[in-house]
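Student: Just the structure for this:
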Amino acid sequence: TFDCWNRNAAGTGECFSAGASFTTGALNETLYAKWNAQPYTITVGAVTTNQHSGSTVGGTISASAASATAGTTITLTPSPTSGYAFVSWTVTKEGGGTVEVVSNQFTMPAANVTITAVFAKTYTISYYENDGTTSIGGLAPTSYSYGVGAVLPTPTKSGYTFEAWYNAWCVNESNEAPCSSGCGWVAGCQTTTISTTEYGDADYLARWYQTVTLDKNGGEADGSVVAWYNEAGTTSLSAPTRAGYEVEGYYAEAGCTNKVMTAAGVLVDYSGYVSSGKWGHSGATTLYAKWTEAVVTYSVTYNGNSN
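Tutor: Predicted structure coming up:
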């Protein structure tokens, strides 16, 4: 829009409004039209909630200005209702087209715009040990929204290696996908993320293991076994070897006083290692083989010597 006549082409000199009188100097003088950039309107439009979020309006939105000239940076502010989370912005130009919003800001185009937003209901994420009742604190995120999803954290436990998160419902329910072919601690129950199509409160179980060295304790080669935290079973048993001997069991010390595991990998209660048949040791992960001489069986063949 027209502002005034100015003595400076840059618009920084003396300004005269239309119809105003002014005094010229001794020479011819040129006046320059000074123009103001036209402001465009910013309309705060509808707020909606996405699928699986109920009928409650998920929040309110605001813009840093009600109008602005092209090139101005506009800041948007979402204010979610309790139990909801902001999901996305849409800034639509009058006449068609949209404007990109980055970190809740956009650059005003040379057109009027309307702002709309989507909110979503938030669901709780709970983390547990593999017993399903012992909560694991200090992890984030603790909530997610449909349409957004989440990436699960990587927890730590002293002395153990984290194997994976398991969907609690999958471990405990045998007739639901993806575990129709068998649930429990199986790969089909593992997950690292919550997808954008999931909804509802979610419980996850952590599974931990130790790789325990089975010291040869006088034999030729060490062995190993995988012991699972708070579980009765062991896996991947590879026994140490000693010519002419068999493993009787595995003990907490080289003198073989306190048995912790049988030769077949069955856990035996011993304080600090195994309780109620479940592994719970967190210190040095070495057990020692106890050997017994191998029983050699010979066959006897009777020959009637032609009789």
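Student: list the buried ones in stretch 109-127?
Tutor: Buried residues in stretch 109-127, counting neighbours by 16 or more other C-beta atoms under 10 Å, are found at 109, 112-113, 115-123, 125, 127. For the C-beta atoms, the positions are set from N, CA and C on the backbone; glycine is no exception.
Student: which among those gets closest to Glu253?
Tutor: Checking the buried residues of stretch 109-127 against Glu253 with C-beta to C-beta, the nearest one is Tyr127 at 35.8 Å.
Student: was I right about that closest one contacting Ala206?
Tutor: Yes. The pair Tyr127 / Ala206 is scored as a contact, 6.7 Å apart, by C-beta atoms under 8 Å.
Student: Between these two, which contacts overlap?
Tutor: Each of 136, 155, 165 lies in contact with both Tyr127 and Ala206 under the rule C-beta atoms under 8 Å, 6 or more residues apart in numbering.
Student: Give me the buried subset of those.
Tutor: 155, 165.
Student: Now, the shared contacts of Tyr127 and Ala206 that are in strands?
Tutor: Judged by DSSP state E, the subset of the shared contacts of Tyr127 and Ala206 located in strands is Trp165.
Student: Save the shared contacts of Tyr127 and Ala206 as a markdown table, and put in distance to Gly272 and pLDDT too.
Tutor: What follows is the shared contacts of Tyr127 and Ala206, written out as a markdown table (distance: C-beta to C-beta, whole Å; pLDDT from 0 to 100):
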| residue | distance to Gly272 | pLDDT |
| --- | --- | --- |
| Ile136 | 22 | 96 |
| Pro155 | 23 | 97 |
| Trp165 | 28 | 97 |
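Student: Strands along the stretch 151-300 of the chain, start to end?
Tutor: Using DSSP state E, counting those that start in this stretch, the strands assigned to the stretch 151-300 of the chain run over residues 161-167, 190-191, 193-194, 202-215, 223-228, 234-238, 245-251, 259-262, 274-275, 278-279, 286-293.
Student: List the buried residues of the first one.
Tutor: Same thing as strand 161-167. Of the residues in strand 161-167, those buried (16+ other C-beta under 10 Å) are 163-167.
Student: wait, which of the residues you listed is closest to Ala264?
Tutor: Closest approach between the buried residues of strand 161-167 and Ala264, by C-beta to C-beta: Glu163, at 22.8 Å.
Student: thought that closest one was touching Trp208?
Tutor: Yes. Between Glu163 and Trp208 there is a contact under C-beta under 8 Å: 6.5 Å.
Student: need the contact list for the residue nearest to Ala63 when sequence neighbours are not counted.
Tutor: In this structure, Ala63 finds its nearest non-sequential neighbour in Ile42, 5.1 Å apart by C-beta to C-beta, 6 or more residues apart in numbering. Residues in contact with Ile42 (C-beta under 8 Å, 6+ apart) are 63, 65-68, 74, 108, 112-113, 115.
Student: Mind putting these into JSON lines with distance to Ala284?
Tutor: JSON lines is the format used below for those (distance: C-beta to C-beta, whole Å):
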{"residue": "Ala63", "distance to Ala284": "61"}
{"residue": "Ala65", "distance to Ala284": "65"}
{"residue": "Ala66", "distance to Ala284": "68"}
{"residue": "Ser67", "distance to Ala284": "71"}
{"residue": "Ala68", "distance to Ala284": "67"}
{"residue": "Ile74", "distance to Ala284": "61"}
{"residue": "Met108", "distance to Ala284": "65"}
{"residue": "Asn112", "distance to Ala284": "71"}
{"residue": "Val113", "distance to Ala284": "65"}
{"residue": "Ile115", "distance to Ala284": "61"}
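Student: ok, so of the residues you listed, who is nearest Glu198?
Tutor: Ile115 (28.4 Å).
Student: Verify the stated contact: that closest one with Thr90.
Tutor: Yes. When contacts are counted by C-beta under 8 Å, Ile115 is listed as touching Thr90 (7.4 Å).
Student: Pairing partners for Tyr40 in the sheet, please.
Tutor: Listed by DSSP bridges, the beta-bridge partners for Tyr40 are Ala68.
Student: you'd agree it is up against Thr69?
Tutor: Yes. Using C-beta under 8 Å, Tyr40 is in contact with Thr69, at 7.2 Å.
Student: so what's in contact with these two at the same time?
Tutor: With C-beta under 8 Å, 6+ apart, Tyr40 and Thr69 have common neighbours Met108.
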